[in-house]
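Student: below are the sequence and a predicted model for it; my questions follow.
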Amino acid sequence: MSKEPSLYRRLVLQAREDVPDGMGGFSSVWAPQGALWANVEIQSGHERKIGERDTSVVNYRIIVRSAAPGAPSRPKPDQRFCEFERVFNILAVGEYGSDGRFLQCWTEEGRA
């Protein structure tokens, strides 16, 4: 059994939603799905060339309480966590521990 994580940081889970843009098309916005208490651990960092610039990329593992599959509060890839101006893009989600009470999310810190 995995050690129970200490969930001490409040993150807002957001999902991308399409909204009418008023001209017959749609725009994407990030809509809050709720706040979750989390444990945030740095995993790795590296540089990536974006255009002509080197950009620092940092990966984190974020652990949150589990929610039922399909629940809006259950994180999934292509969503993100926000903490003030910081954004953690969710790349993958899996169970943490054998009892299914927690989820671990592999994320990459990005831009708001």
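Tutor: Sure, I can see it.
Student: just the pLDDT for the residue lying farthest from the centre of the chain.
Tutor: Most distant from the centre of the chain: residue 23, at 31.1 Å, with distances by C-alpha atoms, centre = their mean. Among the per-residue scores, residue 23 holds a pLDDT of 88.
Student: quick one: low-confidence ranges for this protein?
Tutor: Applying pLDDT under 70 to the chain picks out residues 1-2, 111-112.
Student: and the strands in it, which stretches?
Tutor: With DSSP state E as the criterion, the chain has strands at 9-20, 26-50, 53-65, 80-83, 86-96, 102-110.
Student: residue 30 is in contact with residue 15, isn't it?
Tutor: Yes. Under the criterion of C-beta atoms under 8 Å, residue 30 makes contact with residue 15 at 7.3 Å. Quick note: C-beta positions are derived from backbone N, CA and C, even for glycine.
Student: the nearest residue to residue 65 once chain neighbours are set aside bridge partners, please.
Tutor: Using C-beta to C-beta, 6 or more residues apart in numbering and skipping the chain neighbours, the partner closest in space to residue 65 is residue 102 (6.1 Å). Bridge pairing for residue 102 (DSSP bridges) gives the partners residue 65, residue 96.
Student: and residue 56, what does it touch?
Tutor: The contact partners of residue 56, by C-beta atoms under 8 Å, 6 or more residues apart in numbering, come to 45, 46, 47.
Student: bridging residues for it?
Tutor: Beta-bridge partners of residue 56, as defined by DSSP bridges: residue 47.
Student: likewise for the one 4 residues further on?
Tutor: Taking DSSP bridges as the rule, residue 60 bridges to residue 42, residue 107.
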